[in-house]
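In: Sequence plus the predicted model coming up.
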Amino acid sequence: MLENPRSPRVRAVAKLTKRSARAETGLFLLEGPQAAREVLAYRPETLVELFATPTALEKHADIRDASTDAGIEVVFTTEAVLDAMADTVTPQGIVAVARQSPTSVRDVFASSPRLVAICEEVRDPGNLGTIIRAADAAGADAVVLTGRTVDPYNPKVVRATTGSLFHLPVAVGVDLSTAVERAHAAGVRVVAADVGGGDFLASRDLLAEPTAWLFGNEARGLDEDALVLADLSLRLPIYGAAESLNLATAASVCLYETAFAQRAVA
């Protein structure tokens, strides 16, 4: 059992809350039973280490069984060690370390996708995690992260995806012009979500065709250079008195509207 919160092994795990450590090691941090459950179910080959208190493992017997099936030995720790490793105040007795496994943008568009989310300079971890989760729920084929978008392996992003990070391909560090070029070569229309765009309802029929939604920064939206790359821009209507929609909420609506349109003609 790991008992010393200041041991080198514990410190190495705790450092993964920092982007520099994640970049250096190619690893990232997972916290809580749900994250452990999802990585064991969908990407067990990426799991490097699994730590748990005896109480937590007894409570979550399915994780114990899944780790045994995957050939992953659970390392028992004290509550103090788990707290030292984790980014959250309450890690729920389970922490894991996994290898990052991003997909190339080439592979994303080589698979003839019908629905893709492209995020350009999305900076809020909660927003990015929610967009990845919404893309997964809407049946999107992939998420592409361009510009200075927040690291998808940031612990806050990972938590906000609630496991969706392991369900669909995520491409990172992509130049926006390259992503758009790949989309066009694959016959995918790039649609920018923009407050200055055209009428969403008037263009709904277009969404039945292969579509890549382009979402911008929470505060500034998409700049002119990005908008020029898109095939068209659309805005969601605001029927009430709200000034605007949160980025992740707007992205969820766009992705689901596209999913509905594509399934209606399937």
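Out: Good, I have the coordinates.

In: what's the burial count for Gln92?
Out: 19 (other Cβ atoms under 10 Å). Every residue, glycine included, has its C-beta placed from N, CA and C.

In: what do you get for Ala140?
Out: 26.

In: Show me what the closest residue to it other than its chain neighbours bridges to in the sheet.
Out: Taking Cβ to Cβ, 6 or more residues apart in numbering, and ignoring the residues beside it in sequence, Ala140 has Leu115 as its nearest neighbour in space, at 4.4 Å. Beta-bridge partners recorded for Leu115 (DSSP bridges): Thr211.

In: could you say what helices and strands the one helix or strand Gly198 maps to packs with?
Out: Secondary structure from DSSP states H and E places Gly198 in strand 189-199. Strand 189-199 sits against helix 176-185, strand 211-215, helix 224-229, strand 232-235, helix 247-264, with contacts defined as 3 or more Cβ pairs under 8 Å, 6 or more residues apart in numbering; DSSP states H and E.

In: I'd like to check the angle between the last one and strand 211-215, please.
Out: Read that as helix 247-264. 170 degrees (axes from the mean of the first three to the mean of the last three Cα atoms, to 10 degrees).

In: and helix 247-264, which residues are buried?
Out: 247-248, 250-255, 257-259, 261-262 (16 or more other Cβ atoms under 10 Å).

In: Show me what that helix is in contact with.
Out: With contacts defined as Cβ atoms under 8 Å, 6 or more residues apart in numbering, helix 247-264 is touched by 114-115, 117, 122, 124, 126-127, 130-131, 134-135, 137-140, 191, 193, 200, 204-205, 207-208, 211, 213, 215-216, 218, 234, 236, 245.

In: do the shortest one as well
Out: With contact meaning Cβ under 8 Å, 6+ apart, strand 232-235 is reached by 189, 191-200, 203, 206, 227, 254.

In: Give me the buried entries from these.
Out: 189, 191-194, 197, 200, 227, 254.

In: Return the member of these nearest to Gly71.
Out: Cys254 (41.0 Å; Cβ to Cβ).

In: Distance-wise, check the closest one relative to Ala14.
Out: 37 Å (Cβ to Cβ, to the nearest Å).

In: same check, this time on Arg133
Out: Distance of Arg133 to Ala14, computed by Cβ to Cβ: 26 Å.

In: Same check on Val97?
Out: Note on Val97: its distance to Ala14, by Cβ to Cβ, is 11 Å.

In: Count the neighbours of Thr161 for me.
Out: Neighbours of Thr161 (other Cβ under 10 Å): 25.

In: distance of it from Ile131?
Out: The value you get for Thr161 to Ile131, if Cβ to Cβ is used, is 9 Å.

In: cool, and Ala137?
Out: 11 Å.

In: just Glu38 next, same as before
Out: 17 Å.
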